[in-house]
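**Student:** here is the input, now give the coordinates:
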Amino acid sequence: MGFCKRFTIAALARAVIRRFVLLVPILGALVFKCDAFEQSGFCGVKMTCGVTNYFHPLAMVMKIKLRMVGRKNGGEKWLEDAYAMYKTRLRTSNIEVETAWHKNDNEILKGIDQDVSKGHKGEDKGVKSKIYQLEGSDSCCTHTVVLLDPRGKLKSSEQFSEDVYEWLNEGGSRLVFVIGGADGLPPELKSQATRSIVLLSLSTLTFTHQFARTVLVEQIYRASEIKKGSGYHK
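**Tutor:** Prediction:
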């Protein structure tokens, strides 16, 4: 009898746990008092709470893309190892980072055009028609493109952390950073800074584009740790 009672209690406990797990999404919706859910291939799951659009942090993985002019295997191994380390660490913060390599300026412009077109279907083809008309669009999300350029604004790590999460929220958990090659960024991009195309400077010093990528991914990781309030940033 004692064995049967223990078995029954254990089975009952497992059943309760299974039902609790199934109720978590429903409870989450009740907690945030959201009255509508909208599914978009670009924006992910969007909860409309009253008059404010709120993206639940657990609704989807936040994705940050680094677009660069250069060769994937053209950097030094220690830089690649450092980048890989921070990329792995960022997964614990629900952030996925990927690098897209491009041969020249034309290729990087096409890549950015593809990023923006995911959230702006039905517009005319071409980089200028998509990227430079982001502001004021009726699309569900405003996809921010951050250009690393010496003329850009210098920010503290705390300011950068706030901006990164604001950009991710505005862009439906999507964000793009662009790093130019030896000659810098294409003039077509630098001359079109708007609310959705931001110029950012990592430093007044000059870095190779491979080294700039490592510095950037470390700052993105630092931003996530600042957001969590960990002891990494002091």
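
**Student:** now tell me which helix or strand of this protein has the poorest mean pLDDT.
**Tutor:** Using mean pLDDT, DSSP states H and E, strand 37-40 stands out as the lowest-scoring helix or strand of the chain, at a mean of 34.

**Student:** where does residue 144 fall, phi/psi-wise?
**Tutor:** Backbone geometry at residue 144, expressed as degrees, to the nearest 10, gives phi -80, psi 130.

**Student:** now for the nearest residue in space to it that is not next to it in sequence, how many residues are close by?
**Tutor:** Excluding its sequence neighbours, the residue lying closest to residue 144 (Cβ to Cβ, 6 or more residues apart in numbering) is residue 167, at 4.2 Å. (Glycine included, C-beta is placed from N, CA and C.) Using other Cβ atoms under 10 Å, residue 167 has 21 neighbouring residues.

**Student:** now do the SS call for the residue nearest to residue 171 when sequence neighbours are not counted.
**Tutor:** Distance criterion Cβ to Cβ, 6+ apart; nearest residue to residue 171, sequence neighbours excluded, is residue 143 at 4.6 Å. Following DSSP: H, G, I helix; E, B strand; the rest coil, residue 143 is assigned to coil.

**Student:** surely residue 143 meets residue 116?
**Tutor:** Yes - between residue 143 and residue 116 there is a contact at 5.5 Å, judged by Cβ atoms under 8 Å.

**Student:** that older thread, from residue 78, how far out is the residue nearest to residue 171?
**Tutor:** Taking Cβ to Cβ, to the nearest Å as the measure, residue 143 falls 33 Å from residue 78.

**Student:** what does residue 112 give?
**Tutor:** 29 Å.

**Student:** compare those two (neighbour count), which wins?
**Tutor:** A count of neighbours by other Cβ under 10 Å puts residue 112 above the other of residue 112 and residue 78, at 26 against 9.

**Student:** quick check: that one vs residue 62, distance?
**Tutor:** 19 Å.

**Student:** now do the strands in this protein.
**Tutor:** For the chain, strands defined by DSSP state E occupy the ranges 37-40, 44-49, 52-54, 62-69, 95-102, 145-154, 174-179, 197-201.

**Student:** quick one: contacts of stretch 177-192?
**Tutor:** 64-70, 104-105, 108-109, 112, 127-128, 131-132, 145-149, 151, 197, 199, 209, 212-213, 216 (Cβ atoms under 8 Å, 6 or more residues apart in numbering).

**Student:** likewise for stretch 154-166?
**Tutor:** 175, 200-201, 203-204, 219-220, 222-224, 226-227, 233.

**Student:** how about that stretch: buried residues?
**Tutor:** Within stretch 154-166, the residues that count as buried by 16 or more other Cβ atoms under 10 Å are 160, 161, 163, 164, 165.

**Student:** can you check stretch 196-209 too?
**Tutor:** 196, 197, 198, 199, 200, 202, 209.
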